[in-house]
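In: Return atomic coordinates for the entry below.
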Amino acid sequence: MTLTKDYKVLSCDLDDTLLREDMTISKYDSRILRELQKLGVNVVLSSGRRAYDIENRFKQIGLEKDGAFIIGSCGCEIVKVDKMEPICTKVLSNDTINVVVDYAQKNNLNLGRNLFHYSIFISQFKEFYYSTTHLVYTCQNPYNLEHLRITNIQPLKVDYEAIRKMCLESPPTKLFITEDPIAVSSKILPEISKVLPLSSRALITKAYFCEVIPTDGGKGPALQWLCRNYIHCEMDEVVSIGDSANDVDMLEMSGLSFAPSNSFDVAKKAAKEVLNWSNMESAVGRMVNRVFFNGTFLMTDEEKADSKIE
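Out: Predicted structure coming up:
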C-alpha cells in the first residue's frame, strides 16, 4: 500500500469524530490509522481531553508511540507519547480562576476541573507519567453524570472555595461548566465571555459543556507550534478533522480540513469540506482512504458490519 498524497500530518479529534457514541473506535478507523502511521504520516490525536486519556485511545488503536505526539486540553498541552513527556503546557491565570469560580458560585452552576497526580521518575532520561485521581465538581446534575460516563473518572464533590484553592495552588489547563444546553448557549457562554480577562476565552465543546481555556491555547496554534518545532512542516501539509468549537482554529489553519456530518455548525463552517459520513459511519477512516489512499483501502466485511455499512 502506498500513499497518493504528500501530506505529513493527520490531526484527528476524538469525541464525536473518531469516537462513536459508545466511546469505541471502529475497526476500520483503527486499521487505516495504523497503516497511515506506518507509511510515515504523523497521526496526532487532538482532543479537549487530558493527555493521559488520549494515550489510552492511542493504545486502543494500536499506534506506535515513538516519535508520536498528543494534543490535549483543547491545545493547552502537547505531549510526546513515548514517555508521556509534556513539551508545551498552558494554564489559566489566577485572575481567570477567580472570575470563573465567582461566576459559577453566584449562579449556582456546576464547575469542574480534572485533578491530577504527576509522578516523575528520573534515570538516564526524565520520564513523566500521568495519572488522574478525580474529576472535581461542585454540583450534581444529569450533564455532570454524562461527563463522568464518557471520561470514566472517579468523582469528587467539593465546594466552590475548595475548587478555587485547588486551582490557585495548581493552575489547570481549563475549567468547565456542565449545565443545561439551552442555558449554556444562550446565557452562560455570552455572560462569562463578557467578564473573562483577556488572557482567557470560553467555548462550547459539547451542547452541555462550556470550557474556559487560555486565550493562546487552542488546537490550531498547538498544532502549528508542534509542526514548526518538532515535525518540521508547514500547516498546508496538515490534514485535520473535527466536529466542535474547539476544532475551529485547527480546521481553519490546516491545509485540508473536514467536518463529519454530525458536526456543530461552527465546525462545518470552518472546515474546507463537510463529509457525508458521521462518526458512527467511520467518517475518519473513509476520509483518510479518499485523501491518502485514493479510495484503494477497502473495508472488509467485518469492518462494514462494525461500522453498520451495507
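
In: Show me where the stretch 1-150 of the chain has its helices.
Out: Secondary structure of the stretch 1-150 of the chain (DSSP state H, counting those that start in this stretch): helices at 27-38, 51-61, 94-106, 142-151.

In: And the second one, what does it pack against?
Out: Which is helix 51-61. helix 27-38, strand 42-46, strand 69-72, strand 77-80, strand 126-137 (3 or more C-beta pairs under 8 Å, 6 or more residues apart in numbering; DSSP states H and E). C-betas here are computed from N, CA, C, even on glycine.

In: Name the strands paired with the third one and say parallel or antiparallel.
Out: Spelled out, it's strand 69-72. strand 42-46 (parallel), strand 77-80 (antiparallel) (DSSP bridges).

In: Can you check which of those strands gets nearest to residue 197?
Out: Between residue 197 and these, the tightest spacing by C-beta to C-beta is seen for strand 77-80, at 20.6 Å.

In: Residues contacting that closest one, please?
Out: Residues outside strand 77-80 that contact it (C-beta atoms under 8 Å, 6 or more residues apart in numbering): 50-51, 55, 68-72, 85-90, 173, 222, 225-226.

In: in stretch 27-34, what's buried?
Out: For stretch 27-34, the neighbour count (16 or more other C-beta atoms under 10 Å) marks 27, 28, 29, 30, 31, 32, 33 as buried.

In: same check, this time on stretch 15-22
Out: Neighbour-count burial for stretch 15-22 [16+ other C-beta under 10 Å]: 15, 16, 17, 18, 19, 20.

In: before we move on, what about stretch 76-85?
Out: Neighbour count says stretch 76-85 has 76, 77, 78, 79, 80, 81, 84 buried, by 16+ other C-beta under 10 Å.

In: Which members of the residues you listed are the farthest-apart pair?
Out: The farthest-apart pair in these, when distances are taken by C-beta to C-beta, is 76 and 81, at 17.0 Å.

In: Output the below-cut-off pLDDT ranges for this protein.
Out: Confidence mapping of the chain against pLDDT under 70 gives the ranges 1-5, 114-134, 310.

In: centroid residue for the protein?
Out: residue 47 (0.8 Å; C-alpha atoms, centre = their mean).

In: mind listing what it touches?
Out: With contact taken as C-beta under 8 Å, 6+ apart, residue 47 is in contact with 13, 14, 15, 53, 54, 71, 72.

In: Just give the closest residue to residue 38, not the sequence neighbours.
Out: Distances taken as C-beta to C-beta, 6 or more residues apart in numbering place residue 64 nearest to residue 38, at 8.0 Å, with adjacent residues excluded.

In: burial measure for the one you found, as a count.
Out: Residue 64 sits with 13 neighbouring residues when counted by other C-beta atoms under 10 Å.

In: Cool, thanks, talk later.
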